[in-house]
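**Student:** how would this look folded up:
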Amino acid sequence: MTMSAGALRLHRACAIIRAMLKRTKIVATLGPATEKPKTLRKMIEAGLDVARLNFSHGGADDHRARAEALRAAAAKTGRDVGLMGDLQGPKIRIRRFRDGSVEIDDGADFFLDSALGLEDGNRDGVGVALDTLHEDVTVGDVLLLNDGMITLEVQSVDGTRIHTTVINGGILSDHKGINKKGGGLSAPALTDIDKQNIRLAAEFKMDFLAVSFVRSGDDIREARRLFEEAGGEGLIVAKIERTEAVDNIDDIIRAADVIMVARGDLGVEMGYAKLTGIQKDLIRKTRKASKVVITATQMMESMIQNPIPTRAEVSDVSNAVMDGTDAVMLSGETAVGRYPVKAVRAMAEVCMGAETFELPVGQTRHRLGDYFSRVDEAIAMAVMYTANHLNVRAIFALTESGSTALWMSRIRSDIPIYAFTPHVSTARRVSMYRGVTPIHFDIKNTDSRQVYQDVFNIMLARDSVDVGDRIIFTKGDLDGVSGSTNAMKIVEITAPE
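**Tutor:** Residues are numbered from 1 along each chain as shown. A predicted model of the protein is given here:
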């Protein structure tokens, strides 16, 4: 039995509304598995909020085609979906073996040498792509290959050749990554290829630019400078995957707009036993600083091959949601997996389930002892305190830049925040903020009462509120001026005139 056109439209509309009910946002990576327009549209309907282009795979034409397809699919569903470009960064890798792969045994001798030929690796050793690796290690250091599956201990350094003993062996194939336990590798955060891709991200008008293997706030400031010089206006994401990044996290949070807890390389460098505690601390610090945080890597990796997640993956996602992460991210699950739509849908269901069991939010002490330097920031804090101590259906924020909505979303609440903005770029950035839904709205009336009614009419048509509901409204006196929010008003929804 097939649906009529009207029933199909209603079904899709209901699916989109369900996806938007969740407060935690979903970032999903585009790739070969998402090439069909129908697949992209279904992912958006299932709950996709921000699409990620991984610059580590594919060329400029591939990224351009995926960006255009994403924009087209979002337009068809009527939703604002952000677009994030993820720079490759200085992923340090071994070079190639003559025979494709080798098996190295526990206790065997094995060398790494940046001067070795590109394809001259064998059972005795292999080349590496970092010319200064021999300067970064000393006797006793532990090197981790292939995401920590193979462990080497440095015995001596002779010129560019690093002699090691194999602690944990196994099969090693071409181009596997290298990490140093405890960090300390000197590769710069931005490579020449990254700088080219920054210009590409600006050309695509990407809403977010993710910088890989960040070491300090200076890496973020340099990426922002290059992005803005190229015409980019999006937010800068700092991927935390090095020990040095954790050591310098306060400076990185100050410099960045968004923090990504990238648990792959971070777990290898710092040890998996510490990873959960580090993740929780990063989420807490980032939210306290009124910045946005993403939790990423292997969140539902089994869904690359399977149609449902494991119970352990469900628990992992749920804990990140309960800790207050703004977004959770899918990588291979959607880029190359067999079930990209089901992966997004499963992630959305888990997020909504976890949000049901969050801790009580009414008595927050977030920034109660702070003084505020901006009027709009003070208004945002006052709104959330009021909302959490009064029976309020929703919060409506008229915003130019999205800042007011961001500050509001830092305080735990189950009260939906709607960011009304005339700017498409703001709507797409807000798509990452936990608990915030962007709504396109351009003020065309100078009478405040009519502006309120125009907003009410939009929300009544969406079935997001009912006549008589109490809501909190924020706006500024100077329309079109960023940072001008200076008023909050508690009003009741009135019927269309």
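
**Student:** surely Asp109 touches Thr164?
**Tutor:** Yes. With contact defined as C-beta atoms under 8 Å, Asp109 reaches Thr164; the gap is 7.4 Å. (Glycine included, C-beta is placed from N, CA and C.)

**Student:** which neighbours do these two have in common?
**Tutor:** Common neighbours of Asp109 and Thr164 (criterion: C-beta atoms under 8 Å, 6 or more residues apart in numbering): Gln155.

**Student:** of those two, who's got more company?
**Tutor:** Remark: of Asp109 and Thr164, Thr164 carries more neighbours, 23 against 14, as counted by other C-beta atoms under 10 Å.

**Student:** in which helix or strand would I find the residue nearest to the spatial centre of the chain?
**Tutor:** Centroid check for the chain by C-alpha atoms, centre = their mean gives Ile294 as the closest residue, at 4.1 Å. For Ile294, the element it lies in under DSSP states H and E is strand 292-296.

**Student:** just the CA coordinates for that strand, please, in CSV.
**Tutor:** Only the C-alpha atoms of strand 292-296 are listed here, as CSV (Å, rounded to 0.1, in the frame of the first residue of the first chain):
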residue,chain,number,x,y,z
VAL,A,292,30.0,24.9,22.0
VAL,A,293,31.2,21.3,22.4
ILE,A,294,31.0,18.3,20.1
THR,A,295,31.7,14.7,21.3
ALA,A,296,33.1,12.6,18.4
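
**Student:** which elements pack onto it?
**Tutor:** Packed against strand 292-296 by the contact rule (3 or more C-beta pairs under 8 Å, 6 or more residues apart in numbering; DSSP states H and E) you find strand 258-262, helix 272-288, strand 327-330.

**Student:** okay, how far is it across stretch 222-242, tip to tip?
**Tutor:** 18 Å (C-alpha to C-alpha, to the nearest Å).

**Student:** average model confidence for it?
**Tutor:** Stretch 222-242 shows a mean pLDDT of 97.

**Student:** pull out the buried positions in that stretch.
**Tutor:** 222-224, 226-227, 232, 234-242 (16 or more other C-beta atoms under 10 Å).

**Student:** again, but for stretch 71-81
**Tutor:** 71, 73-74, 77, 79-81.

**Student:** how far does it sit from the chain's center?
**Tutor:** Distance, stretch centre to chain centre, for stretch 71-81: 19 Å (C-alpha atoms, centre = their mean, to the nearest Å).

**Student:** CA atoms of it as CSV?
**Tutor:** In CSV, the C-alpha atoms belonging to stretch 71-81 read as follows (Å, rounded to 0.1, in the frame of the first residue of the first chain):
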residue,chain,number,x,y,z
ARG,A,71,22.3,22.7,0.5
ALA,A,72,19.8,21.4,-2.0
ALA,A,73,18.5,18.6,0.3
ALA,A,74,18.2,21.0,3.2
ALA,A,75,16.2,23.5,1.0
LYS,A,76,13.8,20.7,0.1
THR,A,77,13.2,19.7,3.7
GLY,A,78,12.8,23.3,4.8
ARG,A,79,15.5,23.0,7.5
ASP,A,80,18.7,25.0,8.2
VAL,A,81,21.6,22.5,8.2
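
**Student:** who's in contact with it?
**Tutor:** Residues outside stretch 71-81 that contact it (C-beta under 8 Å, 6+ apart) are 12, 16, 20, 37, 40-41, 44-45, 48-51, 70, 83, 424, 427-428, 430-431, 438, 440.

**Student:** go on, stretch 34-46?
**Tutor:** 12, 15-16, 19, 28, 30, 33, 66, 69-70, 72-74, 76-77, 79, 81, 334-335, 340-341, 344-345, 348.

**Student:** show me which of those are buried.
**Tutor:** Buried subset of the contacts of stretch 34-46 (neighbour count, 16+ other C-beta under 10 Å): 12, 15-16, 19, 28, 30, 33, 66, 69-70, 73-74, 77, 79, 81, 334-335, 340-341, 344-345, 348.

**Student:** narrow those residues to those in strands?
**Tutor:** Among the buried ones among the contacts of stretch 34-46, the residues falling in strands (DSSP state E) are Ala28.

**Student:** picking that back up, could I get the buried residues of stretch 71-81 as JSON lines with distance to Thr160?
**Tutor:** Shown next, in JSON lines, are the buried residues of stretch 71-81 (distance: C-beta to C-beta, whole Å):
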{"residue": "Arg71", "distance to Thr160": "47"}
{"residue": "Ala73", "distance to Thr160": "49"}
{"residue": "Ala74", "distance to Thr160": "49"}
{"residue": "Thr77", "distance to Thr160": "54"}
{"residue": "Arg79", "distance to Thr160": "52"}
{"residue": "Asp80", "distance to Thr160": "51"}
{"residue": "Val81", "distance to Thr160": "47"}
